[in-house]
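>>> Let's see this in three dimensions:
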Amino acid sequence: MDNKGTENGAFSLARSESTGGRKYGLPKIQTQKETKEVCHDDSASPVRAQTIDELHSLQKKKSAPATPIRGTHGAFAAMSEEERHKQQLQSISASLASLTRETGPKVVKGDPARMAESPRVTHVGHHTYAPSLGISDSALKFTHILYNLSPAELYEQAIKYEKGTFITSTGALATLSGAKTGRAPRDKRVVRDETTEDELWWGSGSPNIEMDEHTFLVNRERAVDYLNSLDKVFVNDQFLNWDPEHRIKVRIVSARAYHSLFMHNMCIRPTPEELEDFGTPDFTIYNAGQFPCNRYTHHMTSSTSIDLNLARREMVILGTQYAGEMKKGLFSVMHYLMPRRQILSLHSGCNMGKDGDVALFFGLSGTGKTTLSTDHNRFLIGDDEHCWSENGVSNIEGGCYAKCIDLSREKEPDIWNAIKFGTVVENVVFDEHTREVDYSDKSVTENTRAAYPIEYIPNAKLPCVGPHPKNVILLACDAFGVLPPVSKLSLAQTMYHFISGYTALVAGTEDGIKEPQATFSACFGAAFIMLHPTKYAAMLAEKMQKHGATGWLVNTGWSGGSFGSGNRIKLAYTRKIIDAIHSGTLLTASHTKTEVFGLDIPTEIEGVPSEILNPINTWQDKKAYKDTLLKLGGLFKKNFEGFLNYKIGKDNNLTEEILAAGPIF
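Here you go, the predicted structure:
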């Protein structure tokens, strides 16, 4: 046996000669230090702690204010830290105030689980909270406010206190949204009062289901009482709209860390300095989704209710924990607030070329909006919600909410790579041991989603603003196979197709569909608009005319026949078409007109076979083509009947102009 290791001063094993050393049949370990070599000594003085808890307390240093208190500017200027802290708590307490009590709850900052002793009473405003006769037990307790926590802190809260929450193999937070795994549009209501009576779109075709203010206040009371009964609530103070001139301050009060992290990602995250000056929010969400509404309350049709009160600038959520209700509820609010400032709110994707040319992408599910607006040669301004003001275009949100079903690294590398620490993934299925997500598994729902900050996308443009759009691209997946791959639209045609919001469902996308079925969603987002579609269309046309933007209709669906007989237009061809729109070459191309829809179609595009540009060329049965074209034209006409009774201005000229831009036969 080689004794080199022992000679080098390493451990040597020697059996003890004494019987004690052999008691358990184990060798005695001896160490021999080589005196010639210097032995590294990394010992240090012992830590100043007598217990594990004390040791843990040394891990964390207190956060110092990130910004100085500046002169006499801002709502909190020239205040002590304690005074500013008190004002902030006062604002949160006022948000959580019940309608039947004079003040809000006793609020203190911090997690109750981390409080070593009972928190001291915080005086808010002129009211001192002392127990008195005739008050409820909830007034004897504190509501702990977990205010604008970081993703790391929210991870800890979610994993510790929320069942069904795990960290995936890539570091994302996987969670469950409960019984509801999608939006509940039939349970979303808007208070109809003196103001909204005339301003909002009501009646047939409208997404706005009315409720009275009294019912809203009953639901608000139920939500606030539930939140006040909890030991702790999460409060996010954030912004909507990247345009600093027109941004909206929002406060989200929720019971779940998952909801707080979701909104941290989806809204615009304030800097510490902006948070100091935040003041009173413009809009507040009370998310008490774990608690049901009272089904016997007027207007209620289920235990779920999502209620908007535009006069009070408040939203109440009961009976659903699906986080998308908050995102889309705020989008509806922006569809009301922005047009009042002559700013157009849009359900669209948006990107910008290296020369500053901006394109808007509209399209319903399955049309390729996400795929085509994500372009590695262009900057992403946003994937879903935008405003078009006198300053240009701006993203409403601070993040992306991407579908995850069948997600793969090859098809959507940017989304795939964005699912990392800080990202929330909803209702996905993952391996119990490795925590690897199976994006093809629909066991919980097909509507699996990921919410992540927009800066997780490598080519995101920060801040998310850009100049006035040059191109407005309307995407339709035409499963009837009669719309051209690309058409140049007049302003009136742009308004007509924008109001129509057409695409087609094909067999297999929904149960019971055996042949193509036309679907229309006004302004490509009917579920979220608040005003009549014609108002948004008129604003779009006005801005396009003023800033020289061109409208395009791009068919990403079928050619050479309907679904089942024809073929889907190749994505490579569609990308070439989009590139030609961006470069401006399609503006100068020669065009020809189609029958029925009267669309201008180019005769030649580089990289695209010329014969597919006019759909009649690709159909072998020309009679079948014309019959199908007339059928689709009839569906457009029938859908548009619902918009004919609306007038803009004193006459009906604009409505007639838009109608004339539709199919004629």
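>>> For the closest residue to residue 323 other than its chain neighbours, which three-state class applies?
Closest residue to residue 323 in three dimensions, ignoring its sequence neighbours and counting by C-beta to C-beta, 6 or more residues apart in numbering: residue 262, at 4.1 Å. Quick note: C-beta positions are derived from backbone N, CA and C, even for glycine. Secondary structure for residue 262, judged by DSSP: H, G, I helix; E, B strand; the rest coil, is helix.
>>> quick one, what contacts residue 262?
Counting by C-beta atoms under 8 Å, 6 or more residues apart in numbering, residue 262 makes contact with 323, 326-327, 424, 451.
>>> Dihedrals phi and psi, the nearest residue to residue 486 once chain neighbours are set aside?
Nearest non-adjacent residue to residue 486, counting by C-beta to C-beta, 6+ apart: residue 577, 4.7 Å away. Reported as degrees, to the nearest 10, the phi and psi values for residue 577 are phi -60, psi -50.
>>> my guess is residue 577 meets residue 485, correct?
Yes: between residue 577 and residue 485 there is a contact under C-beta atoms under 8 Å: 6.0 Å.
>>> Can you pull the residues that touch both of these two?
554, 608.
>>> closest to residue 492 among the contacts of residue 262?
For these, the closest approach to residue 492 (C-beta to C-beta) belongs to residue 327, at 32.9 Å.
>>> May I have the secondary structure class of that closest one?
helix.
>>> cool, and the one 3 residues further on?
Three states are possible here, and by three-state DSSP the one that applies to residue 330 is helix.
>>> Ok, residue 84 next?
Residue 84 - assigned by three-state DSSP - is helix.
>>> Run a quick neighbour tally on it.
Using other C-beta atoms under 10 Å, residue 84 is surrounded by 17 other residues.
>>> Then the one 4 residues further on?
Here the neighbour count serves as a burial measure; for residue 88 (other C-beta under 10 Å) it reads 21.
>>> Please list the residues outside stretch 489-497 that contact it.
Under the contact criterion C-beta under 8 Å, 6+ apart, stretch 489-497 has outside partners 472, 474, 476, 534, 537-538, 540-541, 544-545, 550-553, 598-600, 640, 657-662.
>>> hmm, 7 Å instead?
By C-beta atoms under 7 Å, 6 or more residues apart in numbering, the residues outside stretch 489-497 that reach it are 472, 474, 537, 540-541, 544-545, 551-553, 657-658, 660-662.
>>> Check pLDDT for these and point me to the minimum.
pLDDT across those is lowest for residue 657, at 86.
>>> measure it to residue 351 for me?
Separation of residue 657 from residue 351 (C-beta to C-beta, to the nearest Å): 30 Å.
>>> Which residue of those two possesses the greater neighbour count?
residue 351 (25 against 15).
>>> ok, that one - contacts?
Neighbour list for residue 351: 359, 373, 375, 378-381 [criterion: C-beta under 7 Å, 6+ apart].
>>> taking the residues you listed one by one, which sit in strands?
Of the contacts of residue 351, the ones assigned to strands by DSSP state E are 359, 379-381.
>>> Please convert those to JSON lines, extending it with pLDDT, neighbour count and distance to residue 218.
Formatted as JSON lines, the ones in strands among the contacts of residue 351 follow (pLDDT from 0 to 100; neighbours: other C-beta atoms under 10 Å; distance: C-beta to C-beta, whole Å):
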{"residue": "359", "pLDDT": "98", "neighbour count": "28", "distance to residue 218": "46"}
{"residue": "379", "pLDDT": "98", "neighbour count": "19", "distance to residue 218": "47"}
{"residue": "380", "pLDDT": "97", "neighbour count": "23", "distance to residue 218": "43"}
{"residue": "381", "pLDDT": "98", "neighbour count": "28", "distance to residue 218": "41"}
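>>> that older thread, could you save the contacts of residue 262 as TSV and add columns showing distance to residue 296 and neighbour count?
Converted to TSV, the contacts of residue 262 look like this (distance: C-beta to C-beta, whole Å; neighbours: other C-beta atoms under 10 Å):
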residue	distance to residue 296	neighbour count
323	28	28
326	26	24
327	30	22
424	34	29
451	35	28
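>>> Counting by contacts, list what the helix or strand where residue 152 lies packs against.
Per DSSP states H and E, residue 152 falls inside helix 151-161. Secondary-structure packing of helix 151-161 (3 or more C-beta pairs under 7 Å, 6 or more residues apart in numbering; DSSP states H and E): strand 173-175, helix 257-266.
>>> could you dump the next helix-or-strand element following the shortest one to PDB, C-alpha only?
Toward the C-terminus, strand 173-175 is succeeded by strand 188-191 as the next helix or strand (DSSP H and E). The C-alpha trace of strand 188-191 is given here as PDB (Å, rounded to 0.1, in the frame of the first residue of the first chain):
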ATOM      1  CA  LYS A 188     -68.600  41.500 -15.500                       C
ATOM      2  CA  ARG A 189     -70.800  44.500 -14.800                       C
ATOM      3  CA  VAL A 190     -70.600  48.300 -15.100                       C
ATOM      4  CA  VAL A 191     -72.500  50.800 -13.000                       C
END
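>>> export the helix or strand just after strand 188-191 as PDB, just CAs?
Under the assignment DSSP H and E, the closest C-terminal helix or strand after strand 188-191 is helix 194-199. Only the C-alpha atoms of helix 194-199 are listed here, as PDB (Å, rounded to 0.1, in the frame of the first residue of the first chain):
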ATOM      1  CA  GLU A 194     -76.100  59.600 -15.100                       C
ATOM      2  CA  THR A 195     -72.700  59.900 -16.700                       C
ATOM      3  CA  THR A 196     -72.300  56.400 -18.100                       C
ATOM      4  CA  GLU A 197     -76.000  56.300 -19.300                       C
ATOM      5  CA  ASP A 198     -75.100  58.500 -22.300                       C
ATOM      6  CA  GLU A 199     -71.300  57.800 -22.700                       C
END
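>>> picking up where we left off before, in terms of secondary structure, what does the very next helix or strand once past the helix holding residue 152 contact?
For helix 151-161, the succeeding helix or strand toward the C-terminus, using DSSP H and E, is strand 166-167. With contacts taken as 3+ C-beta pairs under 7 Å, 6+ apart, strand 166-167 sits against no other helix or strand.
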